[in-house]
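*Asks:* next one to model:
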Amino acid sequence: MSNQRNAPTRRHALQLLLATPLIGLSMPRAAQASIDEARTLLSQGRAVVYFRHGATTWSGIDSIDWPRERQRLLSDLGIAQSERIGAAFRAQNLLVGEVIASPFARCRDMAEIAFGRVDERMELLGLLSDRQGRADRVAYLRSKLSEPTTGGNRIIVAHRSNIAEVAGVSLGEGDAVVLRPNGEGWDTLAELSPNDW
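*Replies:* Numbering: from 1, shown residues only. Below you'll find the predicted structure:
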């Protein structure tokens, strides 16, 4: 069974992850412990960061079989969110290892814009997009959240349905959750909105 615990809300900005102790003193002790651990893990490249794709041009369910121009794509805001996140990782020298994303254009585009590279994985296809293979996709995400990282923080860009099913976290467009993998499960440390970076 996964060793998970609830985290501070996404309102706990990455700014707070890197903030002065004075700001941290006003936070509940449990929240500060999670923020401190998230800061340490990110700086050491040992975190898993799951992003829901950035803001899109429309809402609803599309199909991976549709050509790119018919899919939900990143809006101008979604592109700006992706650029901001990538700039924050570079400015703070946060190590980036594996970068994987759903093959939907909005996910792979966010990863490419923010991190300059991406490995598309059908296993990250949204759970609402195709019911076939759903159990396998759930198992794949569980393994990626649990496996310790090598060579930097593991970045995953996919859909709300996947992380909600596997980790009980509901993310808005562009939101992220920072997790500490332990080989058998993970601890959920912090949720961040795009503006928090």
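
*Asks:* from now on I want contacts and neighbour counts done on CA atoms only, so please keep to that.
*Replies:* Fine.

*Asks:* centroid-nearest residue for the chain?
*Replies:* With distances taken as Cα atoms, centre = their mean, Tyr50 lies nearest the centre of the chain, 1.8 Å away.

*Asks:* how far out from the middle of the chain is the helix or strand containing it?
*Replies:* Here Tyr50 is covered by strand 48-52, with elements defined by DSSP states H and E. Remark: strand 48-52 is offset 1 Å from the chain centroid, using Cα atoms, centre = their mean, to the nearest Å.

*Asks:* show me where the protein has its helices.
*Replies:* 14-17, 21-25, 29-44, 76-91, 105-115, 134-146, 160-167 (DSSP state H).

*Asks:* what's the closest of those to Arg70?
*Replies:* helix 105-115 (10.1 Å; Cα to Cα).

*Asks:* for that closest one, name the packing helices and strands.
*Replies:* helix 76-91, strand 96-101, strand 153-158 (3 or more Cα pairs under 8 Å, 6 or more residues apart in numbering; DSSP states H and E).

*Asks:* deepest-packed of the ones you listed, please.
*Replies:* Across the helices and strands packed on helix 105-115, averaging neighbours per residue (mean count of other Cα atoms under 10 Å) puts strand 153-158 on top, at a mean of 26.

*Asks:* closest one to Thr57 among the helices of the chain?
*Replies:* helix 76-91 (8.3 Å).

*Asks:* what about the chain, any weak spots by pLDDT?
*Replies:* Residue ranges of the chain with pLDDT under 70: 1-33.

*Asks:* put the alpha carbons of the strand holding Tyr50 into CSV.
*Replies:* Output of strand 48-52 as CSV, limited to C-alpha atoms (Å, rounded to 0.1, in the frame of the first residue of the first chain):
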residue,chain,number,x,y,z
VAL,A,48,8.7,13.5,-9.0
VAL,A,49,6.8,16.5,-10.4
TYR,A,50,3.5,15.7,-12.1
PHE,A,51,2.0,18.5,-14.2
ARG,A,52,-1.4,18.7,-15.6
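
*Asks:* what pairs with it, parallel or antiparallel?
*Replies:* strand 153-158 (parallel), strand 176-181 (antiparallel) (DSSP bridges).

*Asks:* contact partners of the first one?
*Replies:* Meaning strand 153-158. Contact with strand 153-158 is made by 42, 44-53, 94-102, 107-108, 110-111, 124-126, as judged by Cα atoms under 8 Å, 6 or more residues apart in numbering.

*Asks:* what's the spacing between it and its chain's center?
*Replies:* Worked out by Cα atoms, centre = their mean, strand 153-158 lies 5 Å from the chain centre.

*Asks:* re earlier: what about the helices and strands packed on helix 105-115, which gets the closest to Val118?
*Replies:* Among the helices and strands packed on helix 105-115, strand 96-101 comes nearest to Val118, with 5.2 Å by Cα to Cα.
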